[in-house]
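S.K.: could you look at this predicted model? Sequence included:
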Amino acid sequence: MSQAEAPPDRPLRVLVVLAHPDDPEFFCGGTVARWASEGREIYYCLLTRGDKGADDPGVDPAELAETREREQRAAAATRGPMIPVWTRLSWPRRASVSSGRQQRFWGSAK
């Protein structure tokens, strides 16, 4: 179904806003795939580049972000046209998961 054929009571454009690369596939991949197959324009707004969270502490954050961005584009492309937007936000160094302040916060939230 093309955009011209889409039912008038449904949006023709969809903005998916999530924090990390891969989040769209984990949280709403099937829904986004259905919308794309119905001819909707899909836009992704990812708030971080995915430069944190590697299992290997020696990984360069810039290289990790580039890899995750490439992977995200490839995953999204399997569903058809998608327009990605990265805000490229990043955590300040002092707010890393390993900081005592953040550990105290998450520890108290359990």
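M.R.: That came through fine. Numbers count the residues shown, from 1 in each chain.

S.K.: only the buried residues of the biggest helix by length in the chain, if you could.
M.R.: Taking DSSP state H as the criterion, the chain has its longest helix at helix 61-77. Under the neighbour-count criterion of 16 or more other Cβ atoms under 10 Å, helix 61-77 has L64, A65, T67, R68, E69, Q72, A76 buried. Every residue, glycine included, has its C-beta placed from N, CA and C.

S.K.: can you redo those as CSV with pLDDT?
M.R.: CSV is the format used below for the buried residues of helix 61-77 (pLDDT from 0 to 100):
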residue, pLDDT
L64, 91
A65, 89
T67, 91
R68, 89
E69, 86
Q72, 84
A76, 77
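
S.K.: from P61, how far off is F26?
M.R.: 21 Å (Cβ to Cβ, to the nearest Å).

S.K.: mind giving me the packing neighbours of the longest helix of the chain?
M.R.: Under the contact definition 3 or more Cβ pairs under 8 Å, 6 or more residues apart in numbering; DSSP states H and E, helix 61-77 sits against helix 23-37, strand 41-48, strand 82-89.

S.K.: that concludes my questions; thank you for your assistance.
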